[in-house]
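[1] no letters, just coordinates:
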C-alpha cells in the first residue's frame, strides 16, 4: 500500500508541474534561462508585437520572445521600430570607441566678422579741379608731377591769356576810385565781397570776380592791387593741401577755356569701397564700425560706414559699401587694396555646432538622437554660419540632440544601410576600416503565395523554402508553401 501511495503522489506532482508549465510556458523572467522577456514578435513580421506568447495571426507561426539583453536598453515603447530609413543604432561601448558625441540644438545669436577686400578712393567732397577761364598757353610748370604733395596757394604753373590784360587794367582803375584801396590812408587792402558798400565798390567787385573767373587766385589779385602793376601772367596755385591726382598741362601747351589743369585731393580722410553680398548688407547699418587691416604694415585703422546707401551691382548679387577712414599720416593712397573687417550682429536663430552638419552641396543633414544609441538622419535647411555654429532654418528644433563628433562615421553607417536606388545592397567590404558591422534590418523577399514580406534566413531555418526550376522561394508559413507546391503540381 505504501508503494501505491508513493506512486500516486509522484503522478500528482507531475500533473501539477505540467499544469503550471501549460498555463505559464514563458514567464517574464525567461523560465530556465532567467532572462527577462520584453515582448513577443512575429518571426516573419517583426513589426507585430504581443505581450503574451502565442501564434502569429497572419502566418500561423509561433511568436518568438525578445529578451532585454538582446534589445539593449530599449523599452517596449521604444520608437526604434518606427525609425525612418537610414537610422543607425550604435551601442554605448562602440560610441566611446569611435568618439561619437552629441550636443543640444540651441537658439542663439552670434557676432560674425565679414572679411572682404576694399579699394581706397578719395572722398569726392575733398577733390578739387583747377580749370582755365580763358584761351591761352602755358608758360611754365613747377614741381607738379602726379602724386606730389602740395600746400595751399603753392604755385604750380603760369599761363598767359589775352583776355586778362583788359580786365586787370579795369581792376586797377577801379581800385583808384575806392577809398582805402589806393594807399592814401595807409590801407592797401582791396575790399572783397561784403567788406564795404560805397560808390565804386560794385565796379571793383565785378572786376575782381572776372579775374577769379580767368583763374587768378585771391592771393595774386591782392598782389596786383598792392603792386599797382599789371602781371605778366596768371599763376596757377593749389587750392588746398593735398596730392596731385592728375596733371594735364605742359610748358608751351595751348589750351581752351574750361580745360582742366590739375586735379588735387585732400587725403586726410578717404573712402574705402568694398563689395559685400546682398544678403549680408541687410546686417550693415550707416554709422556701423569697421576696421581696415594693412597686412604689410601690421596695422589696423578704425572706419565707419557712411550714411550713403550701398550701390547695387547689376546682375552681380553684390552691393558696394563705402567706409570713411581718417588718414592723417596719408598711409592710405588712392587705388590701394586693403582688407576690411565688418563685425555684424546676427539675429537669434536655431543653431547647431558646425561639426554636426554633413553638407554635400546639394543637400545638408544632421543626425538626431532618437533614443539611447539610436540616431536618425534629418534633412535640414541652413542659413548663416558664424564661427563654430550654423543656423538651421528647417529640420530641427531647440532641445533636440545631434551628433557633433565622428559625424561622418555615423553618416557612412547610415549610407551603407540606405544605398542609392539601383546600386544594390551594401557590401561588407565597403565599410570603413574599424567600423563595426551594422545592425541593419534583414533583407526581405515577397511570399509568392500571400504576398507578405518574408525574412529568407528565418524562412529557410523553419523549413519554409522551396526550390522550383532553379529559383528558391520563401514562405511565411507551411500552409503558404504547401499551397504553392500544389499549384505548381497542378500547373505541371
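    It's in. Bear in mind the structure is a predicted one, so any value in this text is a computation, not a measurement.
[2] by mean pLDDT, flag the weakest helix or strand of the chain.
    Ranked by mean pLDDT, DSSP states H and E, the weakest helix or strand in the chain is helix 2-23, scoring a mean of 47.
[3] and the next helix or strand past it?
    strand 37-41 (DSSP states H and E).
[4] any buried residues in that next one, and which?
    For strand 37-41, the neighbour count (16 or more other Cβ atoms under 10 Å) marks 37, 38, 40, 41 as buried. Where C-beta positions appear, they are placed from N, C-alpha and C, glycine not excepted.
[5] swap in stretch 347-365?
    349, 350, 351, 352, 353, 355, 356, 357, 358, 364, 365.
[6] also stretch 472-489?
    For stretch 472-489, burial by neighbour count (16+ other Cβ under 10 Å) applies to 473, 474, 475, 476, 477, 480, 481, 484.
[7] could you count how many residues lie near residue 52?
    8 (other Cβ atoms under 10 Å).
[8] can you tell me the SS state at it?
    State at residue 52, reduced to three classes by DSSP: H, G, I helix; E, B strand; the rest coil: coil.
[9] for the residue nearest to it when sequence neighbours are not counted, name its beta-bridge partners.
    Distances taken as Cβ to Cβ, 6 or more residues apart in numbering place residue 40 nearest to residue 52, at 6.8 Å, with adjacent residues excluded. On the basis of DSSP bridges, residue 40 is bridged to residue 50, residue 65.
[10] distance of residue 40 relative to residue 276?
    64 Å (Cβ to Cβ, to the nearest Å).
[11] over to residue 304?
    16 Å.
[12] my read: residue 164 touches residue 216, true?
    Yes - assessed by Cβ atoms under 8 Å, residue 164 is found in contact with residue 216 at 7.0 Å.
[13] overlap in contacts, the two.
    residue 234 (Cβ atoms under 8 Å, 6 or more residues apart in numbering).
[14] for residue 456, give me its contacts.
    Per Cβ under 8 Å, 6+ apart, neighbours of residue 456: 443, 444, 445, 465, 474.
[15] sorry, back to before: the more surrounded of residue 304 and residue 276?
    residue 276 (20 against 15).
[16] so the more buried one bridges to which residues?
    residue 319.
[17] distance of it from residue 238?
    Counting by Cβ to Cβ - residue 276 and residue 238 are separated by 36 Å.
[18] which residue ranges form the helices in this structure?
    Secondary structure of the chain (DSSP state H): helices at 2-23, 92-98, 163-176, 201-214, 218-227, 278-281, 407-417, 456-461, 478-491.
[19] circling back to that earlier point, between the contacts of residue 456, which has the most around it?
    Busiest of these [other Cβ under 10 Å] is residue 474, holding 24 neighbours.
[20] what about the residue nearest to that one when sequence neighbours are not counted, neighbour count?
    Of all residues not flanking residue 474 in the chain, residue 459 sits nearest, at 4.0 Å (Cβ to Cβ, 6+ apart). Neighbourhood size, residue 459 [other Cβ under 10 Å]: 27.
[21] chain center to stretch 112-132: distance?
    Averaging C-alpha positions (Cα atoms, centre = their mean, to the nearest Å) puts stretch 112-132 28 Å from its chain's average.
[22] should've said stretch 400-417
    Centre to centre, stretch against its chain (Cα atoms, centre = their mean), the figure for stretch 400-417 is 23 Å.
[23] likewise stretch 344-352?
    With Cα atoms, centre = their mean, you get 11 Å for stretch 344-352.
[24] if we can go back for a sec, export the helices of the chain to TSV and tack on distance to residue 262?
    Converted to TSV, those look like this (distance: least, Cβ to Cβ, whole Å):
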stretch	distance to residue 262
helix 2-23	113
helix 92-98	72
helix 163-176	19
helix 201-214	16
helix 218-227	16
helix 278-281	36
helix 407-417	63
helix 456-461	92
helix 478-491	101
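[25] find the nearest non-adjacent residue to residue 320, please.
    In space, residue 320 is closest to residue 311, 4.4 Å off (Cβ to Cβ, 6+ apart).
[26] can you check residue 379 too?
    residue 365 (5.0 Å).
[27] who's in contact with the one you found?
    Counted by Cβ under 8 Å, 6+ apart, residue 365 has contacts 357, 358, 377, 378, 379, 380, 395, 411.
[28] is the second one bridged to anything, and to what?
    Looking back up the chat, that one is residue 358. residue 365.
[29] correct me if wrong: it contacts residue 412.
    No - here residue 358 does not reach residue 412: they are 9.9 Å apart, not a contact under Cβ under 8 Å.
[30] in a markdown table, list the contacts of residue 365 along with distance to residue 126 and pLDDT.
    Output for these, formatted as a markdown table (distance: Cβ to Cβ, whole Å; pLDDT from 0 to 100):
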| residue | distance to residue 126 | pLDDT |
| --- | --- | --- |
| 357 | 48 | 91 |
| 358 | 52 | 90 |
| 377 | 59 | 91 |
| 378 | 56 | 90 |
| 379 | 54 | 91 |
| 380 | 50 | 92 |
| 395 | 52 | 90 |
| 411 | 57 | 86 |
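[31] now, which of these sits nearest residue 99?
    Among the contacts of residue 365, residue 411 lies closest to residue 99 (Cβ to Cβ), at 14.2 Å.
[32] any idea how far residue 453 is from residue 255?
    Where residue 453 is concerned, residue 255 sits at a distance of 95 Å (Cβ to Cβ).
[33] picking that back up, got CSV for the buried residues of stretch 347-365, with distance to residue 384 too?
    Shown next, in CSV, are the buried residues of stretch 347-365 (distance: Cβ to Cβ, whole Å):
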residue, distance to residue 384
349, 7
350, 11
351, 9
352, 13
353, 14
355, 17
356, 15
357, 13
358, 18
364, 14
365, 18
